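J.: Predicted model and sequence below, questions to follow.
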Amino acid sequence: MTLLRAQPRTEPYLPIHDMALTGPTRCFIKCSKERLERKSDKDIIAEVVKFAAGDPEKAFLLITLKAGRRAYIVFDYSNPDHIECPVLGFSVKKHIKGVCNPPGIAEYVHHEVNIRKDTDRKHKCSFPYRMEVSYLSPVALTALISKA
């Protein structure tokens, strides 16, 4: 009789040297809605930027989205014109970890930011956008949620 052993869960986390903020970067953060209710989105961004050896003064909040039990924050780092640039992902639980981006996440994040930029032009609004939704489309969920 062969015993089956549970395989260790492998999380797609990146080493810190791959997560350094050195130039224009668009970042997304996944965290619990509860954490976002305890701390402001700007405080969470500051923690992530410090974790990634960056300067919190260069971070600019773009979008905060609450969906179900999760919260997602998108910000630009050293990117005042909000142009498309490399995307880094972070997971904030007990500790901050860099995550490997699931396929399509960069395109999805840039698409969401571009929609908001177009809205800004049409309605003379500006970043940041903060919203809570009760439903995300399956495409959005697939793009936003990896093994976290």
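T.: Right, received. Where do you want to start?

J.: the strands in the protein, which residues?
T.: Secondary structure of the chain (DSSP state E): strands located at 13-14, 25-32, 59-67, 70-77, 87-92, 96-99, 129-133.

J.: Adding distance to residue 112 and mean neighbour count, write the ones you listed out as CSV.
T.: For every residue, glycine as well, the C-beta is placed using N, CA and C. Output for the strands of the chain, formatted as CSV (distance: least, CB to CB, whole Å; neighbours: other CB atoms under 10 Å):
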stretch, distance to residue 112, mean neighbour count
strand 13-14, 22, 16
strand 25-32, 9, 21
strand 59-67, 6, 19
strand 70-77, 7, 22
strand 87-92, 11, 21
strand 96-99, 18, 20
strand 129-133, 9, 12
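
J.: Mind telling me which residue is nearest the centre of this structure?
T.: Centroid-nearest residue in the chain, with CA atoms, centre = their mean: residue 28, separated by 1.5 Å.

J.: wait, that residue sits on residue 74?
T.: Yes - between residue 28 and residue 74 there is a contact at 5.0 Å, judged by CB atoms under 8 Å.

J.: Now for the two: what residues contact both?
T.: Common contacts of residue 28 and residue 74 (CB atoms under 8 Å, 6 or more residues apart in numbering): residue 109.

J.: Run a quick neighbour tally on residue 42.
T.: By other CB atoms under 10 Å, the residues close to residue 42 number 15.

J.: Name the nearest residue to it, sequence neighbours excluded.
T.: Closest residue to residue 42 apart from its sequence neighbours, by CB to CB, 6 or more residues apart in numbering: residue 61 at 6.2 Å.
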